[in-house]
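Asker: what's the 3D shape of this:
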Amino acid sequence: MIRGVGFRPDGARFNPEKRGIVADHGLARLIAEHQRKTRDSYRDIAERGGDALKKTMVGALATTDRPAMPKPEVLEALAHALGLPVEQVTLAAAESAGHAVPPEVHVYRERVPDSDEQVIMAGYERLSPDKRKALLALVKSMADDV
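Answerer: Residues are numbered from 1 along each chain as shown. Purely as a prediction, here's the structure:
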């Protein structure tokens, strides 16, 4: 079998280099950007997200033109898997599902955090409240030195 650009049974174009067909909406772009940076598959993302996230869900969210709004536990798992804030993923999902998101609310519309920021945010979410306070104090003291 020759691999390359072809057609799926539903007639949509498929490019194995892109790991599927990416829809053009906020949530699909977040997933695609994560994949571009990490080379993660939908399965890798799902495994990182835990029991609430399945490979087929990740694939559907990335390739469906207007996916339904995922349940909160799926949004939390996806945010964790992508290393992004839950708010960013929730707003992207709402926009992707066709809900109006005012520009002033969508603080992440123009910018996706770089990989260092993603690591920091993902790590922060796993810290205990005491460690979060200590980290916040450290960041504030370091920012004052700049």
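
Asker: longest helix in this structure, by number of residues?
Answerer: Longest helix in the chain, counting residues (DSSP state H): helix 129-145.

Asker: which other helices and strands contact that helix?
Answerer: If you count contacts as 3 or more C-beta pairs under 8 Å, 6 or more residues apart in numbering; DSSP states H and E, helix 129-145 packs onto no helix or strand. The way it works is simple: take the backbone N, C-alpha and C, and place the C-beta from them, glycine included.

Asker: buried residues of it, list them for me.
Answerer: When burial is assessed from 16 or more other C-beta atoms under 10 Å, helix 129-145 yields no buried residues.

Asker: who's in contact with it?
Answerer: In this structure, residues lying in contact with helix 129-145 by C-beta atoms under 8 Å, 6 or more residues apart in numbering are Tyr124, Leu127.

Asker: quick one, what contacts Asp44?
Answerer: Listed by C-beta under 8 Å, 6+ apart, the contact set of Asp44 reads Thr38.

Asker: that one and Lys55, how far apart?
Answerer: Counting by C-beta to C-beta, to the nearest Å, the separation of Asp44 from Lys55 is 9 Å.

Asker: pull the number of nearby residues for Ser41.
Answerer: Neighbours of Ser41 under the rule other C-beta atoms under 10 Å: 15.

Asker: which stretches of this structure form helices?
Answerer: 26-38, 42-49, 55-63, 72-82, 86-96, 115-126, 129-145.
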